[in-house]
Every structure is written in C-alpha cells, then in structure tokens.
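S.K.: starting from these lines, generate the structure:
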Amino acid sequence: MYGYCNHEPVYYCPKCDRTLSKERVEQADRELKTAFGNASLSNLKCPVCGSDFIDLEKVKSGGEKHVGATRRKTGPA
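M.R.: Numbering: from 1, shown residues only. Okay, here's the model as predicted:
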C-alpha cells in the first residue's frame, strides 16, 4: 500500500503539484539528458521548477491529501 491513494509509488513536486512514477524516473532522466542536457531527475529534483521531489511512500497516511489539489480547483485562477 502506498501513501498516494493506493496507486503506484510516485515522487511528488509540491511546487508544481505534479507526480512522476518511480518506474518512469530512469527513462525520463535519460530523455531529459539527451534532449535538453537536464540532469535534475538524477538528483530527484523537479525538471520544471527545481524543487526537491517528495517520496510519497515515506509520507504518513493522510499527508498526501493535498496532492493534486491545485488541479482540482475550479473557477478563475
């Protein structure tokens, strides 16, 4: 069981409010290095904003409730 609604294990960027599957990290890291010379995923940092990823498997139960909150909001920004 994982801290993120029983889904696959993911890393979470709190600034971008996005997740990245742990299974996809290596492939995405290779793609970013090849296409853009960006090695941020090697250091578990968000390639968009540079924030440290949070491993949601290590978050206490209930602490993941805010994940996706920005995307769930409706109305004007």
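
S.K.: next up, the contacts around the closest residue to Cys49 other than its chain neighbours.
M.R.: Distances taken as CB to CB, 6 or more residues apart in numbering place Lys15 nearest to Cys49, at 4.7 Å, with adjacent residues excluded. (Glycine included, C-beta is placed from N, CA and C.) When contacts are counted by CB atoms under 8 Å, 6 or more residues apart in numbering, Lys15 touches Cys46, Cys49, Ser51.

S.K.: give me the three-state assignment for Lys15.
M.R.: coil (DSSP: H, G, I helix; E, B strand; the rest coil).

S.K.: buried subset of the contacts of Lys15, written for ChimeraX?
M.R.: Buried residues among the contacts of Lys15 (16 or more other CB atoms under 10 Å), as a ChimeraX selection:
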select :46
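
S.K.: rebuild the contacts of Lys15 as CSV, extending it with pLDDT.
M.R.: CSV is the format used below for the contacts of Lys15 (pLDDT from 0 to 100):
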residue, pLDDT
Cys46, 94
Cys49, 94
Ser51, 94
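
S.K.: among the contacts of Lys15, name the ones in strands.
M.R.: Here DSSP state E is the test, and the contacts of Lys15 give no hits in strands at all.

S.K.: just the helices in the chain please.
M.R.: Here the chain has its helices, by DSSP state H, at 25-36, 69-72.

S.K.: out of the ones you listed, which is closest to Ser61?
M.R.: Across those, Ser61 has its closest neighbour in helix 69-72 (17.2 Å, CB to CB).

S.K.: just to revisit the earlier point, as TSV, the helices of the chain with mean neighbour count would be great.
M.R.: Shown next, in TSV, are the helices of the chain (neighbours: other CB atoms under 10 Å):
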stretch	mean neighbour count
helix 25-36	13
helix 69-72	10
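
S.K.: lowest average pLDDT across those helices?
M.R.: Lowest mean pLDDT of the helices of the chain: helix 69-72, a mean of 52.

S.K.: could you find the closest non-adjacent residue to Lys22?
M.R.: Among residues not flanking Lys22 along the chain, Pro9 sits closest, at 4.6 Å (CB to CB, 6+ apart).
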